[in-house]
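J.: Give the three-dimensional model of this entry:
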Amino acid sequence: MSPRRHKASSSMAAAAMPLAELDRWLQARVDRLPAATSIPMPDGYVAAIVAGPVSMSPLDWICPLLAIDADAFNHGDTPEFAALSAVALRHNDISNVLTTAPDQFEPMHRRKPNGDVDPRPWYQGFYAAMRLRLPAWAPLLDGGNVNHGLVLPILLHCRDDQGHPLLGLPPRDPETGHFLRNADIPAAVEATRQYWMPIRYARAP
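T.: Numbers count the residues shown, from 1 in each chain. Reported below is the predicted structural model:
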């Protein structure tokens, strides 16, 4: 890492908002229509940015995620900068763990009152990031592609802008239920990253 990049990373680490505070900050911005309104959503969103088919400028994905202006990157003493710093650090964390120890990647899920994991906000965040470059994701959205299964368990839990199931109501057969309950999402994220790597880095200048 260059000295300049290390200095920028250290500055963001010092400024980063704690996750519990970020969760409250996101909920207070609902009227501004951020892509995420709770911690699991930016976590899923960032995972899709890391694993996806194209490299993106932080401005292009952090601004819609948090509903902030690009100018927020220029002011290090604001809540907006603290929030974007927290998101940038999570991006780096996910990227590092998928590169060095992918079996240790753990999505940040919330739990229902009964203690069960609720993966839906995380999945919805992942899909929100996909929508930023949806044409680039097209091969994995094709049901005829053998690799469609990498994102299928995520998309089956997502909803469109009208609140309807993105892929329609899933079949209610035991086999589908077992598939959804037992999908290994960390492994699917890493497999998705591996699928896109030759394309993503071939596109890089």
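J.: first to last residue in stretch 153-166, what's the distance?
T.: The straight-line separation of the ends of stretch 153-166 (Cα to Cα, to the nearest Å) is 12 Å.
J.: What residues sit buried inside it?
T.: The neighbour-count check on stretch 153-166 (16 or more other Cβ atoms under 10 Å) flags 153-158 as buried. All C-beta atoms are positioned from the backbone trio N, CA, C, and that covers glycine.
J.: tell me the mean pLDDT for it?
T.: Averaged across stretch 153-166, pLDDT comes to 79.
J.: Distance from it to the middle of the chain?
T.: Relative to the chain's own centre, stretch 153-166 is displaced by 15 Å; criterion: Cα atoms, centre = their mean, to the nearest Å.
J.: now swap in stretch 51-65 and tell me
T.: The answer for stretch 51-65 is 10 Å, by Cα atoms, centre = their mean.
J.: quick one: contacts for the spatially most central residue of the chain?
T.: When the chain is reduced to its mean C-alpha position, the nearest residue by Cα atoms, centre = their mean turns out to be residue 45, at 1.7 Å. Contact analysis of residue 45 by Cβ atoms under 8 Å, 6 or more residues apart in numbering lists 35-36, 61, 65, 125-126, 128-129.
J.: Kindly provide the whole-number mean pLDDT of stretch 97-106.
T.: 94.
J.: low-scoring stretches of this structure, by residue?
T.: The chain contains residues with pLDDT under 70 at 1-10, 167-182, 203-205.
J.: Quick one: the helices in the chain, in order.
T.: Applying DSSP state H to the chain gives helices spanning 3-15, 19-27, 40-51, 58-66, 79-100, 120-132, 138-141, 152-155, 174-182, 185-203.
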